[in-house]
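1. Can you look at this prediction? I've put the sequence above it.
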Amino acid sequence: MGVSRGAEIGIDVEDLNRNVPLEIATSYFTADEVQQLKALPPEQQPRRFLELWTLKESYIKARGKGLSIPLDQFGFDLSAGDRLTAHFDSSLHPQQTRWRFWQWQPCSGSIAALCVEDTPGMNWQVKARAIIPFVLEEETAIVMERAS
């Protein structure tokens, strides 16, 4: 779950241990993303697929339009280590600097991505809380793997 004040937000979490349908990348990813994926050794491709997928899902959730937004019209470059770059087709969203992205592993078996509408003058802080209703609520540490 994600919460923000005065900005659109989207979040996605995926299980890193699930069976990843790599063959659908050519239908849903940009040509550059497919190239990034295929350039990796086969054992690293499922994780990269899910890293890209969570970023895409977080964006379409933030926009509130779901899969009506073509996933191959925006993409991410993850080649810079802890820095990610988002690219948008100009017909899809001309204000690409309007969105900020973060990605991390909430636990060893999952990957998460967060997309937030970047409002001028906002100083974003990403915090996580572990919550078990009526039992536990505490802030937990997040180690960001990459951010835009």
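-> Structure received.
2. where along this structure do the helices fall?
-> 25-28, 31-39, 45-63 (DSSP state H).
3. Let me see the confidence value for the residue nearest the centre of the chain.
-> In the chain, the residue lying closest to the centroid (CA atoms, centre = their mean) is L55, at 2.0 Å. On pLDDT, L55 comes in at 97.
4. hang on, the earlier thing: so which of the helices of the chain is nearest I111?
-> Among these, the nearest to I111 by CB to CB is helix 45-63 (5.3 Å). The way it works is simple: take the backbone N, C-alpha and C, and place the C-beta from them, glycine included.
5. what angle do the closest one and helix 31-39 make?
-> 150 degrees (axes from the mean of the first three to the mean of the last three CA atoms, to 10 degrees).
6. Report all helices and strands that helix 45-63 contacts.
-> In this structure, helix 45-63 makes packing contacts with strand 9-15, helix 31-39, strand 74-80, strand 83-88, strand 99-104, strand 110-117, judged by 3 or more CB pairs under 8 Å, 6 or more residues apart in numbering; DSSP states H and E.
7. Please consider this matter closed, and thank you.
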